[in-house]
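**Student:** give me a model of this one.
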Amino acid sequence: MKIQKLIEQTDKITDPRRQYGYLQHKLVTIVVIAFCAIICGAKDYEDIETFGKTRKIWLEKFLELKKGIPDKDTFRRVFERLNPSEVANCLYS
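**Tutor:** Here you go, the predicted structure:
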């Protein structure tokens with residue numbers, strides 16, 4: 001799957017976070033970084049954060065990273081709330 005297609009598909013996932021207040025990172029940013037990291041061998045949320053930080057320049061070519069790379073706790077909190085079926089469907093369509 002090309003990166004642009006991955007971005008388009010993951011942008012369809014329902015954001016489980018509260019929609020009021022201040023969100024530092026878009027859901028698509030969190031999910032795409034995590035997917036790329038996992039494809040490259042990340043085993044946990046710390047690995048995902050490290051992947052994002054070491055490849056930030058590359059990721060900035062196609063993702064909005066005004067607030068930098070999300071930390072491991074942000075990745076964990078978001079993925080704990082995502083609907084697994086919805087995530088799977090976005091990858092298979």
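
**Student:** could you say which helix or strand holds Gly52?
**Tutor:** Assigned by DSSP states H and E, Gly52 belongs to helix 45-54.

**Student:** need the contact partners of the next helix or strand after that helix.
**Tutor:** Next helix or strand after helix 45-54 toward the C-terminus (DSSP H and E): helix 56-59. For helix 56-59, contacts defined as C-beta atoms under 8 Å, 6 or more residues apart in numbering pick out Val32, Ile33, Cys36, Gly52, Leu65, Gly68, Ile69. C-betas here are computed from N, CA, C, even on glycine.

**Student:** count the residues that sit near the fourth one.
**Tutor:** If I follow you right, that is Gly52. Residues near Gly52, counting by other C-beta atoms under 10 Å, number 26.

**Student:** where's it relative to Arg18, distance?
**Tutor:** Counting by C-beta to C-beta, to the nearest Å, the separation of Gly52 from Arg18 is 23 Å.

**Student:** which strands or helices does the lengthiest helix in the chain pack on?
**Tutor:** Ranked by residue count and defined by DSSP state H, the top helix of the chain is helix 27-39. Contact partners of helix 27-39 among helices and strands, from 3 or more C-beta pairs under 8 Å, 6 or more residues apart in numbering; DSSP states H and E: helix 3-10, helix 45-54, helix 56-59, helix 72-81.

**Student:** taking helix 45-54 as reference, get the angle to that helix.
**Tutor:** 100 degrees (axes from the mean of the first three to the mean of the last three C-alpha atoms, to 10 degrees).

**Student:** buried set for helix 27-39?
**Tutor:** Leu27, Val28, Thr29, Ile30, Val31, Val32, Ile33, Ala34, Phe35, Cys36, Ala37 (16 or more other C-beta atoms under 10 Å).
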